[in-house]
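K.L.:
how would this look folded up:
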Amino acid sequence: MNLTQSFEVLLRSFVPVFTEPSFQTFRLMMTGWILSNRHRYVTDLIISSDSTTNGHFTDYHRFFSQAVWDIDRLWRLLAQLIVGTLVGHDAVIILAGDDTLCRKRGLGNFGTGMHHDPLSSSKSKKICHWGHDWVDLCIVIANPWWAPSKVFSLPICMRLYRNRQGLTKGKNKKPKKISAAQQKAATKKNKQAAAKKK
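P.N.:
Numbers count the residues shown, from 1 in each chain. Take a look at the predicted model:
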């Protein structure tokens, strides 16, 4: 798929973050993200970027978990790009932090736990839901030249918050400590059982 030159230049600014193979996957996924008008699931990105015949579909599904790239460097380059674009223009730049609950089901999801849900809660009743809690740092751009009456919030860093449930779920409990006498008795019992079998 042919990209416009300005979009290609934008994507090329992130080349240092990736290896050559992972950058090609990133390029195709971002193309699909821009062209998609649906939910932007990975499968939809493959179809929207016309990449159904370009490699196996698992290459795209495993991109976020297994491809070689540095997300912290990506965030840094993105922040530099945003600030560099705004320098010299009459815009106010503010940093803001927030967290977002993404509800998930099941104990098999990595990093999930019970988190306060501000959208479902009221002053009188606090509600929690199981899911991921993403903490993000954003550049808030107020009154930019292209939309003087608007305010935009652009994420430049994000981390998954893991509470105690998210850290311990699915892990086996530590074995109980036994005394030397209990260990000796267990060894003796095992020897006796082995002798009876003979």
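K.L.:
so how far is the longest strand seen in the chain from its chain's centroid?
P.N.:
Across the chain, the strand with the greatest residue count (assigned by DSSP state E) is strand 128-142. Taking CA atoms, centre = their mean, to the nearest Å, the mean C-alpha location of strand 128-142 is offset from the chain mean by 11 Å.
K.L.:
So which bits of that strand are buried?
P.N.:
Residues of strand 128-142 classed as buried under the neighbour-count rule (16 or more other CB atoms under 10 Å) are 129-134, 136, 138-139, 141. C-beta coordinates here come from the backbone N, C-alpha and C atoms, glycine included.
K.L.:
Need the residues that contact the helix or strand that it is followed by.
P.N.:
Scanning forward in sequence from strand 128-142 by DSSP states H and E, the next helix or strand is strand 151-161. In this structure, residues lying in contact with strand 151-161 by CB atoms under 8 Å, 6 or more residues apart in numbering are 75, 78-79, 82, 96, 99, 111, 115, 132-144.
K.L.:
Could you spell out the sheet neighbours of strand 151-161, each with its direction?
P.N.:
When pairs are called by DSSP bridges, strand 151-161 turns out to pair with strand 128-142 (antiparallel).
K.L.:
hey, where'd the helices end up in the chain?
P.N.:
5-12, 20-35, 42-48, 57-61, 63-66, 71-86, 164-168, 180-197 (DSSP state H).
K.L.:
What part of the protein, helix or strand, is modelled with the least confidence?
P.N.:
Lowest mean confidence among the helices and strands of the chain (mean pLDDT, DSSP states H and E): helix 164-168, at a mean of 67.
K.L.:
Leu95 is in contact with Ala79, correct?
P.N.:
No - counting by CB atoms under 8 Å, Leu95 is not a contact partner of Ala79; they are 9.7 Å apart.
K.L.:
Could you check which of those two has the larger neighbour count?
P.N.:
Regarding Ala79 and Leu95, a neighbour count based on other CB atoms under 10 Å identifies Ala79 as having more, with 17 against 11.
K.L.:
The nearest residue to the more buried one once chain neighbours are set aside and Leu77, how far apart?
P.N.:
Leaving aside its chain neighbours, Ala79 sits nearest to Ile156 (4.1 Å; criterion: CB to CB, 6 or more residues apart in numbering). Separation of Ile156 from Leu77 (CB to CB, to the nearest Å): 10 Å.
K.L.:
for Cys157, same thing?
P.N.:
Here the distance between Cys157 and Leu77 works out to 12 Å (CB to CB).
K.L.:
Residue ranges in the chain under the pLDDT threshold?
P.N.:
Judged by pLDDT under 70, the chain has its weakly predicted residues at 1, 89-91, 165-179, 194, 196-198.
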